[in-house]
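Novice: pasting the structure only:
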Ligand SMILES: [Zn+2]
């Protein structure tokens, strides 16, 4: 037996990124733009999504890929929207429940109605850390945070707040009832991700919903995030 | 949680390069910006390595300090906190020079035959 050193010099996430690029190629071939929605648990992204998609996104046929752990519940909540909702089984074993990765999306590809949609909205698992590391083949990433959480969230989870093109600050209707300073949040966010677009929303009052809908509608033209 | 995901990716990478050989040591470079807690990484590495050629291997790590560079004014500086605006010009077009590594640098494996020496 000999002890041999093997030079590797490979990013541990290379394998995932390679599959993500393959996914992106498939989406591109089908003319489908993909947005990956990440959030803290309980930031209200399903309700927000429900509100935004209820009246449709102008000019786009939308489909949803539901990857949250409490997924079947979320998928049920979206059922009345009469758009294709696909449930992703994240039960792929070890560590497979805390985020979506490129391979899970790859496995789900055959079940997605790619020919019938223009925009695929992927609801990632509610988790402020792991989803930031794993590209899935998306064109854009959106991060939902809420005023029910601390206003220092950007400082605590910089990876997440850096890995997105849009930050949505949700549950704005709760602002009078919580100890949350929007200016502080925006200041911290600006340190962590200078210049990132921020939208303030409330699924309850409808604040910011139209703006968010317009952001969705603009995605096919932007298609910014590198895979 | 994060360390579990990362460990799993590290083990997969090492297993691929081991090509069936028993792995004794895995050396990784962890960028400071990746917020990986080394002790947790080691803990989860042992767990993820079970039933693979990495089982029983030692995980060795080097933490890489973070350096940023402002593209317009070319100022380069080190950071320990997540502050990504240029301290000189207040600009936002800042790139990470180093500190976002999550790299498997090398592995050491058992090999039946000595490496071919010409
Ligand atoms: Zn500068």
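Specialist: Looks like it came in fine. Since this is a predicted model, take the numbers as computed values, not measurements.

Novice: Quick test: name the residue nearest the centre of chain A.
Specialist: For chain A, residue A:37 is the residue whose C-alpha lies nearest the centre (CA atoms, centre = their mean; 1.4 Å).

Novice: Residue A:123 is in contact with that residue, correct?
Specialist: Yes - with contact defined as CB atoms under 8 Å, residue A:37 reaches residue A:123; the gap is 5.3 Å. For every residue, glycine as well, the C-beta is placed using N, CA and C.

Novice: buried stuff in stretch A:79-86?
Specialist: Of the residues in stretch A:79-86, A:81, A:83, A:84, A:85, A:86 count as buried by neighbour count, 16 or more other CB atoms under 10 Å in any protein chain shown.

Novice: residues in contact with that stretch?
Specialist: Stretch A:79-86 is contacted from outside by A:50, A:53-54, A:61-66, A:75, A:78, A:108, A:111-113, A:116-117, using CB atoms under 8 Å, 6 or more residues apart in numbering or on different chains.

Novice: Quick one: buried ones out of those residues?
Specialist: A:50, A:53, A:62, A:63, A:64, A:65, A:66, A:75, A:78, A:108, A:112, A:117.

Novice: out of the contacts of stretch A:79-86, which are inside strands?
Specialist: Under the assignment DSSP state E, the contacts of stretch A:79-86 contribute A:62, A:63, A:64, A:65, A:66 to strands.

Novice: which other helices and strands contact the helix or strand harbouring residue A:219?
Specialist: Following DSSP states H and E, one finds residue A:219 within helix A:209-222. Applying 3 or more CB pairs under 8 Å, 6 or more residues apart in numbering or on different chains; DSSP states H and E, one finds that helix A:209-222 makes contact with strand A:33-39, helix A:45-54, strand A:119-123, strand A:140-146, strand A:197-200.

Novice: For these, which has the smallest mean pLDDT value?
Specialist: Note on those: lowest mean pLDDT is at helix A:45-54, with a mean of 92.

Novice: Show me what that helix is packed against.
Specialist: strand A:33-39, strand A:62-66, helix A:71-78, strand A:119-123, strand A:166-170, helix A:209-222.

Novice: Against which helices or strands is the second one packed?
Specialist: With contacts defined as 3+ CB pairs under 8 Å, 6+ apart, the packing partners of strand A:62-66 are helix A:45-54, helix A:71-78, strand A:85-87, strand A:119-123.

Novice: tell me the mean pLDDT over the shortest one?
Specialist: Right, the one you point to is strand A:85-87. Averaged over strand A:85-87, pLDDT sits at 89.

Novice: That one: partners in the sheet, and parallel or antiparallel?
Specialist: Applying DSSP bridges to the sheet, strand A:85-87 is found paired with strand A:62-66 (parallel).

Novice: ok, and what's touching the strand it pairs with?
Specialist: Against strand A:62-66 from outside (CB under 8 Å, 6+ apart): A:49, A:53, A:56, A:74-75, A:78, A:83-88, A:105, A:108, A:112-113, A:116-123, A:216.

Novice: That strand vs helix A:209-222, what angle?
Specialist: Computed by axes from the mean of the first three to the mean of the last three CA atoms, to 10 degrees, the angle separating strand A:62-66 from helix A:209-222 equals 100 degrees.

Novice: What angle do strand A:119-123 and strand A:62-66 make with each other?
Specialist: Using the same axes, to 10 degrees, strand A:62-66 lies at 20 degrees relative to strand A:119-123.

Novice: ok, the host helix or strand of residue A:8 near chain B or not?
Specialist: Assigned by DSSP H and E, residue A:8 falls within strand A:2-11. Yes - residues of strand A:2-11 contacting chain B under CB under 8 Å from any CB of the partner chain: A:2, A:3, A:4, A:5, A:6, A:7, A:8, A:9, A:10, A:11.

Novice: buried set for that strand?
Specialist: For strand A:2-11, burial by neighbour count (16+ other CB under 10 Å) applies to A:6, A:8, A:10, A:11.

Novice: Can you give me the pLDDT of the first one?
Specialist: Per-residue confidence for residue A:6 comes out at a pLDDT of 96.

Novice: returning to what we had before: quick one: distance of the helix holding residue A:219 to the chain centre.
Specialist: 14 Å (CA atoms, centre = their mean, to the nearest Å).

Novice: quick one: contacts of that helix?
Specialist: So helix A:209-222 is contacted by A:33, A:35, A:48, A:51-52, A:55, A:57-60, A:62, A:118-119, A:121, A:139-140, A:142, A:166, A:168, A:197, A:199, A:201, A:203 (CB under 8 Å, 6+ apart).
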